[in-house]
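Colleague: Pasting the sequence and the predicted model now:
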Amino acid sequence: MIGIVDYGRGNLRSVEKALEKLGYEAKIMISPTEIKDVQGIILPGVGAFADAMDSLDKGNWIKPLQEYVQTGKPFLGICLGMQLLFEIGEEHGEHPGLGFIPGRVVKFPPGLKIPHMGWNTLDVRNPEKICADIPGGAHFYFVHSYYVQPLASDWIAATSEYGLEFPAVVGQDNVWGAQFHPEKSSPWGLVMLNNFGKWVNNQ
Amino acid sequence: MLAKRIIPCLDVHEGRVVKGTNFIHLRDAGDPVELAALYDKEGADELVFLDISASSEGRNTMVEVVRRTAEEVFIPFTIGGGLRTIEDIRKMLRAGADKVSLNTAAVQNPQLIEEGAYAFGSQCIVVAIDARQVAYSHGRWEVYIHGGRTPTGIDVLEWAQRAEKLGAGEILLTSMDRDGTKEGYDNELNKMISQAVSIPLIASGGVGNLQHMAEGLTDGQADAVLAASIFHYREYSIKEVKDYLAREGIPVRPVEGRSSMFEVR
């Protein structure tokens, strides 16, 4: 069972339906007490960094999610959900994130159309876990105005380019994140979610 | 490299697909969910559903269309038409839409853009503008509302910039002069707006052939092109459009040999 964190942000239904279509059991979790029933967690999210952290805090998600990550079970952040894994977000001032990944979330340089919206290609550096079987040049659907900067480059599993090269997938051990929306990136995004589902089932 | 987007638009009336010519003449042509899944499979980058139902029953039918689409379609899709309140927007997003498109309601109540962007994020607020060139003017267009029936006296350039400031994440710009004519997009208009805002621009109205698509993206400097009838009546497939654009040197997401993504396990 894969649990999707519902903290009032993002299109949860799309993630749930994509997993179901691929044949996995998924449920939208409205309370942290449901974490004990799942073997994998997806943290989705759209909107602003500080608001999202605030919502996670109000829903009492932060400590249970930190404890879950310590267990070594699969964890995937999507879009803003990926950015929240970092220590600090620079959207509308500096705000602390969940801190699973050392690094910051920063704004694209001026002169580009913002948000970075649409289908862009991946350059896969680490073809493991969710990045298995993803060919170079595969397209994924992005919508974001900020991008992540891990302190250590070995967190970067795939990059994309928009004005500059930025991390599109980050991951080590059980903590992974995708800047784009795999649930909206048919067909390769579904391959990626399928990779996540297989990983969860093989636990 | 960021690809230019090809977006089929489905006009939906009481839960069925229709396509208007110059916003008046309608022809029935099928189930929106089936058509949406087909376009997804064929390589469309995004979809827009425009609800042209007049009744509240029709609107409720649309929510059901959105729910069913979210179960079958795994590319982003936008719902427009008749959304007037934050609650209307919330209903569509909760049903599974990725974005909503605001037109008349945004002109009458610009705060709706601001409130929508605040509540759900700019990325899901598309402001749709129906534009008609002001007679005997050079480079001036006027905003029309109510499906193109009512002139507002508002300048399109000013409105687009204001919409961006209020928090719109994207502009969907339809040339009423060109819509239904198959003479090509109004690229003078598109270029002017694309240069005036820093959010993505979707060009709409008037596409009749492959060259028009390319021109909208190059001369018109649009980030995406929207079309209805040429896809709807199978004059061109998405693949034909993308192959053509790629040959013209325009970055597009190639149509994959996407046979069995649900059987990869």
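Modeller: Okay, I see it.

Colleague: where along the chain do the strands fall?
Modeller: All of this is about chain A. A:2-5, A:26-29, A:40-43, A:75-78, A:86-89, A:95-96, A:101-107, A:116-121, A:123-124, A:139-144, A:146-150, A:156-162, A:164-172, A:175-178 (DSSP state E).

Colleague: think we crossed wires, I meant chain B
Modeller: B:5-13, B:16-18, B:47-51, B:77-80, B:99-102, B:125-133, B:141-145, B:150-155, B:170-175, B:201-204, B:224-227.

Colleague: quick revisit: mind putting the strands of chain A into a markdown table with mean pLDDT, mean neighbour count and distance to A:Pro64?
Modeller: Quick note: C-beta positions are derived from backbone N, CA and C, even for glycine. Formatted as a markdown table, the strands of chain A follow (pLDDT from 0 to 100; neighbours: other Cβ atoms under 10 Å in any protein chain shown; distance: least, Cβ to Cβ, whole Å):
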| stretch | mean pLDDT | mean neighbour count | distance to A:Pro64 |
| --- | --- | --- | --- |
| strand A:2-5 | 97 | 24 | 10 |
| strand A:26-29 | 96 | 19 | 10 |
| strand A:40-43 | 98 | 25 | 10 |
| strand A:75-78 | 98 | 28 | 12 |
| strand A:86-89 | 97 | 21 | 19 |
| strand A:95-96 | 96 | 16 | 17 |
| strand A:101-107 | 97 | 18 | 18 |
| strand A:116-121 | 97 | 23 | 32 |
| strand A:123-124 | 96 | 16 | 32 |
| strand A:139-144 | 96 | 25 | 26 |
| strand A:146-150 | 97 | 21 | 23 |
| strand A:156-162 | 98 | 21 | 26 |
| strand A:164-172 | 98 | 21 | 21 |
| strand A:175-178 | 98 | 26 | 15 |
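
Colleague: of these, which approaches B:Gly147 most closely?
Modeller: Closest to B:Gly147 of the strands of chain A is strand A:116-121 (Cβ to Cβ; 26.4 Å).

Colleague: Among the strands of chain B, which comes closest to chain A?
Modeller: Nearest of the strands of chain B to chain A, taken as Cβ to the nearest Cβ: strand B:5-13 at 5.3 Å.

Colleague: need the contact list for B:Gln221.
Modeller: By Cβ atoms under 8 Å, 6 or more residues apart in numbering or on different chains, the contact list for B:Gln221 reads B:Asn190, B:Lys191, B:Ser194, B:Gln195, B:Leu201.

Colleague: right, so of the strands of chain A, which gets closest to A:Val191?
Modeller: Per Cβ to Cβ, nearest to A:Val191 of these: strand A:139-144, 10.6 Å.

Colleague: tell me the angle of the closest one relative to strand A:101-107?
Modeller: Between strand A:139-144 and strand A:101-107, the angle comes out at 70 degrees (axes from the mean of the first three to the mean of the last three Cα atoms, to 10 degrees).

Colleague: Would you map the helices across chain B?
Modeller: Assigned by DSSP state H, the helices in chain B fall at B:32-42, B:56-72, B:86-95, B:104-108, B:111-120, B:156-166, B:187-196, B:210-217, B:229-232, B:238-247.

Colleague: List the neighbours of the second one that are in contact with it.
Modeller: The reference is to helix B:56-72. A:13-14, A:17, A:21, B:12-15, B:32-33, B:36-37, B:40, B:47, B:49, B:51, B:53, B:77, B:79, B:81-82, B:91-92, B:95-97.

Colleague: List the buried residues for that helix?
Modeller: Buried positions in helix B:56-72, judged by neighbour count with 16 or more other Cβ atoms under 10 Å in any protein chain shown: B:Gly58, B:Arg59, B:Thr61, B:Met62, B:Val63, B:Val65, B:Val66, B:Arg67, B:Arg68, B:Thr69, B:Ala70, B:Glu71.

Colleague: Output the set of residues of chain B in proximity to chain A.
Modeller: With Cβ under 8 Å from any Cβ of the partner chain as the criterion, chain B meets chain A at residues B:1-5, B:40, B:45, B:70-71, B:73-76, B:93-96, B:98, B:120-124, B:169-170, B:198-200, B:223-224, B:253-254, B:256, B:258, B:261-262, B:264-265.

Colleague: if we go to 6 Å?
Modeller: Contacts of chain B with chain A, taken as Cβ under 6 Å from any Cβ of the partner chain, map to B:2-3, B:5, B:40, B:45, B:70-71, B:74-76, B:96, B:121, B:123, B:198, B:200, B:253, B:256, B:258, B:261, B:264.

Colleague: quick one: low-confidence ranges for the stretch 1-150 of chain B?
Modeller: The stretch 1-150 of chain B contains residues with pLDDT under 70 at B:19-29.

Colleague: Tell me which residue in it sits closest to chain A.
Modeller: Closest point on the stretch 1-150 of chain B to chain A, by Cβ to the nearest Cβ, is B:Phe74, at 3.7 Å.

Colleague: What about whatever residue of chain A ends up closest to chain B, how many residues nearby?
Modeller: Evaluated by Cβ to the nearest Cβ, chain A has A:Ser186 as its residue closest to chain B, separated by 3.7 Å. Using other Cβ atoms under 10 Å in any protein chain shown, A:Ser186 is surrounded by 23 other residues.

Colleague: what comes up buried for stretch B:148-164?
Modeller: Within stretch B:148-164, the residues that qualify as buried are B:Gly148, B:Thr152, B:Ile154, B:Asp155, B:Val156, B:Leu157, B:Trp159, B:Ala160, B:Gln161, B:Arg162, B:Ala163, B:Glu164, counting by 16+ other Cβ under 10 Å.
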